[in-house]
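>>> Okay, structure incoming, though there's no sequence with it:
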């Protein structure tokens, strides 16, 4: 009976996170980021940036509009790139954390036992230095345009501890957005 309740709990969490992602994605399809910035004004832009990073960076489907918004804010708002990087980095990381939960719950719901492929990857990772995974997470999230949600889901499936993944993820996201903001200020097209 406990196993059935655990499975239902995992399915419920999976479906809940999936519904939230679909709702956020649909909202971002209907509202233009530039219109949102014009309505908010300069005064509330940092709070907006955090919320938009939290919601806009959540999915592979909405990350393009998120980056476009960061570019618009950095070029027209006169915002400090470091502050933008810190605020948006935290927002993106918290948004990607939902995918860690999604990957963890979905994997447990669909696979009560780990598949052999996952076991092989884990065995390969155990033979590597302890600093390697945090370094890979930082490089992936800080210097590539690839979505963090895929990384976090993969880490959840592998059973990599969230506490070890979140710090390099936050630092990487801060680095990426700061570099993007600096690039916009310098007039270099990075995206």
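The structure has been received and is ready for your questions. Nothing here was measured: the structure is a model prediction, and the numbers come from that model.
>>> any idea of the mean pLDDT for the helix or strand residue 46 falls within?
Using DSSP states H and E, residue 46 sits in helix 45-56. Mean pLDDT, helix 45-56: 76.
>>> packing partners for it?
Helix 45-56 sits against helix 2-30, helix 33-40, helix 63-76, helix 81-110, with contacts defined as 3 or more CB pairs under 8 Å, 6 or more residues apart in numbering; DSSP states H and E. The C-beta positions use only the backbone N, C-alpha and C, and glycine is treated the same way.
>>> Confidence-wise, which of the ones you listed is weakest overall?
helix 33-40 (a mean of 60).
>>> thinking again about what came up before, mind listing what's buried in the helix holding residue 46?
Under the neighbour-count criterion of 16 or more other CB atoms under 10 Å, helix 45-56 has 45, 46, 48, 49, 50, 52, 53, 54, 55, 56 buried.
>>> Enumerate every residue touching the second one.
Contact partners of residue 46, counting by CB atoms under 8 Å, 6 or more residues apart in numbering, are 79, 83, 84, 87.
>>> ok, of the residues you listed, which come out buried?
79, 84, 87.
>>> Now distance to residue 155 too, for the contacts of residue 46, in TSV please.
Shown next, in TSV, are those (distance: CB to CB, whole Å):
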residue	distance to residue 155
79	31
83	28
84	26
87	24
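>>> ok, so of the residues you listed, who is nearest residue 183?
residue 84 (11.9 Å; CB to CB).
>>> if I pick the closest one, what's in contact with it?
46, 49, 70, 73, 74, 177, 178, 181.
>>> Give me the neighbour count for the last one.
If I follow you right, that is residue 181. Residue 181 has 24 neighbouring residues, counting by other CB atoms under 10 Å.
>>> Not including adjacent chain positions, what is the nearest residue to it?
What sits nearest to residue 181 in space, not counting adjacent residues and going by CB to CB, 6 or more residues apart in numbering, is residue 81, at 3.1 Å.
>>> and the gap between the one you found and residue 95?
Separation of residue 81 from residue 95 (CB to CB, to the nearest Å): 20 Å.
>>> higher neighbour count, these two?
residue 95 (27 against 19).
>>> for the helix or strand harbouring residue 154, packing partners?
With secondary structure defined by DSSP H and E, residue 154 is part of helix 148-158. Secondary-structure packing of helix 148-158 (3+ CB pairs under 8 Å, 6+ apart): helix 81-110, helix 116-126, helix 132-143, helix 162-186.
>>> got the angle for that helix vs helix 81-110?
40 degrees (axes from the mean of the first three to the mean of the last three CA atoms, to 10 degrees).
>>> In helix 148-158, which residues are buried?
Quick answer for helix 148-158 (16+ other CB under 10 Å): 148, 149, 151, 152, 153, 155, 156, 157, 158.
>>> Chain neighbours aside, what residue packs nearest to the first one?
By the measure of CB to CB, 6+ apart, the closest residue to residue 148 outside its immediate chain neighbours is residue 96, 4.0 Å from it.
>>> Since that was my last question, I'll sign off now.
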